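Peer 1: model this:
(chains A and B)
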Amino acid sequence: MEALLLSIKLAICVSAVLLLCGVPLAYWLANSQWRGKFLLESIVALPLVLPPTVLGFYALLAMGPRGPLGRLWQALFGHGLAFTFGGLVIASVIYSLPFAVQPLIAAFEGVDRKLLDASAVLGAGRLRTFWRVILPLSVPGVITAVVLSFAHTLGEFGVVLMVGGNLRGVTRTVSIAIYDHVQSLEYVEANRLALALLGFSFAVLAVVYGINRGVARQIGRIWTPWPPK
Amino acid sequence: MSVQHAMMRFWLAFLTAVMFSAAVGAQVQEIRVAAAADLKFALSELAGQYEKQTGTKVNVTCGSSGNFFAQLQNGAPFDLFFSADMEYPRKLEAAGLAEPGTLYKYALGRIAIWTRADASIDVAKQGWNLLLDAGVQKIAIANPDHAPYGRAAVAALQKAGIYEQVKSKLVYGENISQAAQFVQSSNAQAGIVALSLAVSQGMKDGKRWEIPADMHPAIEQGAIILRTANDKAQARGFLQFVKSADGRATLEKFGFTVPEMDVPAAGKP
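Peer 2: Here you go, the predicted structure:
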């Protein structure tokens, strides 16, 4: 159970970081006219294509004392990044990046341009338009992004295996613990943990999708896009 | 219509190619070996020698013994299994998944403390003390819960009386190869790895200290021919080669201790 809690903690941290970084990134990608934008879009989508072994391998090298991330971390905190919870968060953020950014881009691009024009005509700046028009209309996309990041991190295995070092309570996530049980031929424990993960994942997804439906329908009532003063 | 035709022609060509390659594949003589991670280098050399001698290709897949055990129980297609312990092959034999009487103790594994060549402290001089050094923040070993080499590493640390002191520094590799990889990538400053990996091409330039064999329970490693083997005579042939003087010499070259023969190799009808 310790492993399951650790995985949930990791998934929450990763979703939070991805929400904070993903929203500005997705907004920029949805609106930028820059010609080289497709390059950044490709980079964001890369974790969808690359196997976790590739990501984990590069993460391990980058986090080492000679790697850029590892050196930075060493200078800041005085210890390496591999085999730490922080290291797992960073690796998982990269691994789940497209799952957060792509729904956000789709949501931001889906907002009717006429509303943005109206907002501008009424004198709202870009930031205000974003907060009061774009974001409220994109709530379903934001929820999708958070759920997908959470779910993807919860089920993560390969990257954690490559950079985690299997430390109890620190980097031994539920997928690693299940793998360990199977390896040690403890099929009963493996089964118990796997079932717990299955049940938890289903419950989370069911609740969120249920809420998301209601939110999408009632969005106008909860958060009116442009309240008259 | 023409698009559909083109597609159909493509699929037909594709299917034909697949079937043809499968038919050709079946004709090539090949032994499929599942082997513990510590055998990666020794066994690929043995496979090369055997192929040169007999023309039979030996296809080696390396991984964790426990993983293979689970896969073999579920019908993984291998002819031979070289485990890192005796327990897994014995269990396979007991479960009727292996050829009875073919279990062979091919080697005793040795372990060594290994650091990169650029490590500031010389492990060859320091021995166990290296692990206590403040500069060594992480020590990589294989997971003792299921990897025989991990168990041996923990036993040796206990015997040396420093296990409690270094316990918080330990990080676990999924198998002995990954433990070595943690040290190679400098994420751990030292590791207790299989000697067979420490003497291999990629790691022999590092610094190592061989842990005396009496510091840990013997890592007895067994190989067995599987029930599902395609061609049992072929599998027997390769196992016989591993038992031969040439095969034993190769294993010794890679840091394994080869046990005394309990069955005479020659003189078989």
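
Peer 1: what parts of chain A come near chain B?
Peer 2: Neighbours of chain B within chain A, by CB under 8 Å from any CB of the partner chain: A:60-61, A:63-66, A:70, A:79-80, A:82-83, A:161, A:163, A:165-167, A:179-180, A:182-185. C-beta coordinates here come from the backbone N, C-alpha and C atoms, glycine included.

Peer 1: among the residues you listed, which are in helices?
Peer 2: A:60, A:61, A:63, A:70, A:161, A:163, A:179, A:180, A:182, A:183 (DSSP state H).

Peer 1: turn those into a markdown table, including distance to residue A:146 and neighbour count.
Peer 2: Formatted as a markdown table, those follow (distance: CB to CB, whole Å; neighbours: other CB atoms under 10 Å in any protein chain shown):
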| residue | distance to residue A:146 | neighbour count |
| --- | --- | --- |
| A:60 | 28 | 28 |
| A:61 | 30 | 19 |
| A:63 | 26 | 28 |
| A:70 | 29 | 23 |
| A:161 | 25 | 21 |
| A:163 | 24 | 29 |
| A:179 | 27 | 23 |
| A:180 | 29 | 22 |
| A:182 | 30 | 18 |
| A:183 | 33 | 21 |
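
Peer 1: minimum pLDDT in the residues you listed, which residue is that?
Peer 2: On pLDDT alone, residue A:183 ranks lowest of those, at 77.

Peer 1: contacts only, for it.
Peer 2: Shown in contact with residue A:183 (CB atoms under 8 Å, 6 or more residues apart in numbering or on different chains): B:64, B:66, B:67, B:70, B:143, B:145, B:146.

Peer 1: any weak-confidence spans in chain A?
Peer 2: A:215-229 (pLDDT under 70).

Peer 1: before we move on, back to that, and the ones in helices among the residues of chain A next to chain B, which two are furthest apart?
Peer 2: Comparing every pair within those by CB to CB identifies A:70 and A:182 as the most remote, at 31.2 Å.

Peer 1: number of nearby residues for residue B:220?
Peer 2: Neighbour count of residue B:220, defined by other CB atoms under 10 Å in any protein chain shown: 17.

Peer 1: and the residue in the stretch 101-250 of chain B positioned nearest to chain A, how many neighbours?
Peer 2: Of all residues in the stretch 101-250 of chain B, residue B:171 sits closest to chain A, at 3.2 Å by CB to the nearest CB. Neighbour count for residue B:171, taken as other CB under 10 Å: 25.

Peer 1: quick check: which element contains it?
Peer 2: strand B:170-173 (DSSP states H and E).

Peer 1: quick one: residue B:218 from residue B:86, how far?
Peer 2: To residue B:86, residue B:218 is 10 Å away according to CB to CB, to the nearest Å.

Peer 1: ok, the two, which is more surrounded?
Peer 2: Each of residue B:218 and residue B:86 has its neighbours counted (other CB under 10 Å); residue B:86 has more, 18 against 15.

Peer 1: how many other residues sit next to the closest residue to that one other than its chain neighbours?
Peer 2: Excluding the flanking residues, the one nearest residue B:86 by CB to CB, 6 or more residues apart in numbering or on different chains is residue B:222, at 4.3 Å. By other CB under 10 Å, 23 other residues sit near residue B:222.
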